[in-house]
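> With the sequence up front, the predicted model follows.
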Amino acid sequence: MVLYVLMLFFIISPFFPATGNPHWFFRTADFVRLQSLFIQLVLLGLFFYFEENYSAFSYALAIALIASVLYQLYKVFPYSFLFPRRRSHAASDGHVSILAGNVLQTNTSYPQFLAEVKRFKPDLVLVMESNKDWENGLSELENNYPFTVKVPLENFYGMHLYSKKELKNVEVKYQIEGDKPSIFFDYYTDKYSPIFFCCLHPAPPSPTENETSKERDAELMITGKRIRKLDKPTVVCGDMNDVVWSRTTRLFKKMTGMIDPRVGRGFFSTYHANYFFLRFPLDHLFHTRDLYVGKMIRSKNFGSDHFAMYYEIHHKKKVKTPENPKLNGEEKEEIEELVDEGKNNT
């Protein structure tokens, strides 16, 4: 009987996000798809091992669970290393590298993070959850990264950016919530026009943060609308507090035409760094189609609850920024609804 109840729950729960309910309880199923998929397979094995008297109900239960497994595989398989990876055959006429990491405000392992910076030697270092203590702990970075954007906060949403080269058109914006910043800037490579960067860290839907995903979803949509007005190479990166197979992130990619370099490479789960079974891919990078990611590496554990991610981003030679994808009326309406709900919820 207990096995039947568990099977029934894991048949239904993967579909919770499809209801469109923004409450954290319904959105959690998106975060734990890999974990729940594993549990589903275990339940199937237990069912076929222990079931003796097959009935119409037990057959239906098993078939429904298999269907739920296939649904979850459809969601997550493109982000596994088994999925065919699209490789760029275009030559590079300029590149920029970035190490982006949520360092955990209460973490004091500054030397370990600095060691990761020295290991990767990126052009840009993006630090999230950074406060004044982290600013002081990373002060030696300014010897090699003299151009900085510093937003130290004590609410676990501070953000610091360090660059080897001068940044242009820098903006610190609070797009939805007045205490959660985003950083925007232009980065000029040696041989090409600027690459526009959007560095985000919206709050997640959770019992201890925002009750719903409305604020996070709205920030992604507002960023997407801004990108649609641009005509230049663009990168969006940071701790998005969302998974790439969620409806909101897929809508964001649809409206911007951006690419997720994870596809065909692996999940690169970045949280939680200390618990193998409870890891989700929450830290993302998306880029327009005139760019490609050469290297993509997850950092070592440096005391945070997140791993950092290193990306080497190239501009494709003789490739122009593509036009915006077309959106249908339903998609346009959903985008505006998400923005309005996020703004009205703050």
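Done, it's in.
> Show the pLDDT at Lys191.
What the model reports for Lys191 is a pLDDT of 65.
> can you check the one 3 residues further on too?
Looking at Pro194, its pLDDT is 90.
> count of neighbours near Thr340?
If you look again at residue 340, you'll see it is Asp, not Thr. 13 (other Cβ atoms under 10 Å). Backbone N, C-alpha and C define where each C-beta goes, glycine included.
> What separation is there between it and Lys214?
9 Å (Cβ to Cβ, to the nearest Å).
> likewise Glu129?
In terms of Cβ to Cβ, Glu129 sits 22 Å off from Lys214.
> For the stretch 1-150 of the chain, just list every one of the helices.
With DSSP state H, counting those that start in this stretch, the ranges of helices along the stretch 1-150 of the chain come out as 2-12, 24-31, 33-50, 56-76, 110-120, 132-137.
> longest strand in the chain, by residue count?
Counting residues, the longest strand found in the chain (DSSP state E) is strand 92-102.
> circling back to that earlier point, and of the helices of the stretch 1-150 of the chain, who's closest to Pro233?
helix 110-120 (21.5 Å; Cβ to Cβ).
> Please compute how far that closest one lies from its chain's middle.
22 Å (Cα atoms, centre = their mean, to the nearest Å).
> got a list of contacts for that helix?
Helix 110-120 is contacted from outside by 97, 99, 101, 103, 125, 127, 134, 137-138, 140-141, 297, 299-304, 308, 310, using Cβ atoms under 8 Å, 6 or more residues apart in numbering.
> For it, list every residue counted as buried.
Of all the residues in helix 110-120, those buried under the rule 16 or more other Cβ atoms under 10 Å are Tyr110, Gln112, Phe113, Leu114, Glu116, Val117, Phe120.
> all strands of the stretch 151-300 of the chain, in order?
Taking DSSP state E, counting those that start in this stretch, the strands of the stretch 151-300 of the chain run over residues 159-163, 168-173, 182-187, 195-200, 234-239, 283-287, 291-298.
> rewinding a little: mind putting the helices of the stretch 1-150 of the chain into a markdown table with distance to Ser88 and mean pLDDT?
As requested, the helices of the stretch 1-150 of the chain are exported to a markdown table (distance: least, Cβ to Cβ, whole Å; pLDDT from 0 to 100):
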| stretch | distance to Ser88 | mean pLDDT |
| --- | --- | --- |
| helix 2-12 | 39 | 94 |
| helix 24-31 | 29 | 91 |
| helix 33-50 | 27 | 94 |
| helix 56-76 | 24 | 95 |
| helix 110-120 | 21 | 98 |
| helix 132-137 | 35 | 98 |
